[in-house]
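S.K.: predicted coordinates and the sequence they were generated for:
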Amino acid sequence: MVLSLNKLIKSKPRTGWVRYESLSAEANKQILSLKEENESLRIRIKQVEDEDPKNIDDLQQGDDIIEFSMSYYYGARKFTKMKLSWNEIISILTPILLDEASETKMKDIFTKIMYPIMSNNILECPLEENTSIEESSFQTIKVQLYALHIIELSDKKRTIKDTDTYWKLTPYGLRVMMHLKALRKN
């Protein structure tokens, strides 16, 4: 294989098949310049990731309350209104996003945690598997967390068959989660 490649390089020289020693001084300077620029951009990206987001003061967050709908089946499809603070919602959803999670998993975990609270607020006693957060409510929560820079779309590659949308924590979202969830000394 190596011999064939060497023979091919000699018989049919092409762009990119250049020995390191034959690079010009100008090319070496350009490579060094690009390497330095790349490093400075990496440092800037890290600095930007460490900054708290700007222009979110006018958005609901923290202890602000959101009202959302849960649905359940008990003889017929029924709905109930629930209220949580944004900090409570962040505390529920962010731990599963440490490695990233699909929207389906986010809805399932949210519903599972809300089920006992919902069951205390209604007269009927539906089964957990017959309970879910309403899609429009979930989408509102998701958009708000995105607007607050708590979550972002995952950039991991997936199989063609996997059509779910995946989300992950931003560096800021990780800091907010740690502030809300980490146990403090007495």
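M.R.: Great, that's in hand.

S.K.: so what touches the helix or strand in which residue 178 is found?
M.R.: Using DSSP states H and E, the secondary-structure element containing residue 178 is helix 171-181. Contact partners of helix 171-181, identified using C-beta atoms under 8 Å, 6 or more residues apart in numbering, comprise 49-53, 87, 90-91, 94-95, 97-98, 145, 149-152, 169. Using the backbone N, CA and C atoms, a C-beta is placed for each residue, glycine as well.

S.K.: now, these that are in strands?
M.R.: Judged by DSSP state E, strands contain the following of the contacts of helix 171-181: 151-152, 169.

S.K.: quick one: those residues as JSON lines, columns for neighbour count too.
M.R.: As requested, the ones in strands among the contacts of helix 171-181 are arranged in JSON lines below (neighbours: other C-beta atoms under 10 Å):
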{"residue": "151", "neighbour count": "25"}
{"residue": "152", "neighbour count": "17"}
{"residue": "169", "neighbour count": "23"}
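
S.K.: ranges for the strands of this structure?
M.R.: Assigned by DSSP E, the strands in the chain fall at 65-73, 77-85, 101-102, 131-133, 151-153, 166-169.

S.K.: pLDDT of the fifth one, averaged?
M.R.: pLDDT averaged over strand 151-153 equals 95, rounded to a whole number.

S.K.: give me the contacts around it.
M.R.: Contacts with strand 151-153, where a contact means C-beta under 8 Å, 6+ apart, come from 93-94, 97, 142, 145-146, 165-170, 173.

S.K.: list just the nearest of those to residue 68.
M.R.: Using C-beta to C-beta, residue 142 is the member of the contacts of strand 151-153 that lies nearest residue 68, at 11.4 Å.

S.K.: for the protein, which helix is longest?
M.R.: The single longest helix within the chain, with elements called by DSSP state H, is helix 25-50.

S.K.: point out where the chain drops to low pLDDT.
M.R.: Under the criterion pLDDT under 70, the flagged ranges of the chain are 1-3, 5, 13-23, 47, 49-50.

S.K.: so which residue is dead centre in it?
M.R.: By C-alpha atoms, centre = their mean, the mean C-alpha position of the chain lies nearest to residue 168, the distance being 1.8 Å.

S.K.: quickly note the distance from that residue to residue 99.
M.R.: Between residue 168 and residue 99 the distance, using C-beta to C-beta, to the nearest Å, works out to 8 Å.

S.K.: now do residue 48
M.R.: Here the distance between residue 48 and residue 99 works out to 23 Å (C-beta to C-beta).

S.K.: repeat that for residue 40.
M.R.: Using C-beta to C-beta, we find residue 40 at a distance of 30 Å from residue 99.

S.K.: ok, residue 62 next?
M.R.: For residue 62, the distance to residue 99 equals 25 Å [C-beta to C-beta].

S.K.: if you count what's nearby, which of the two comes out ahead?
M.R.: Between residue 62 and residue 99, counted using other C-beta atoms under 10 Å, the more crowded position is residue 62 (12 against 9).
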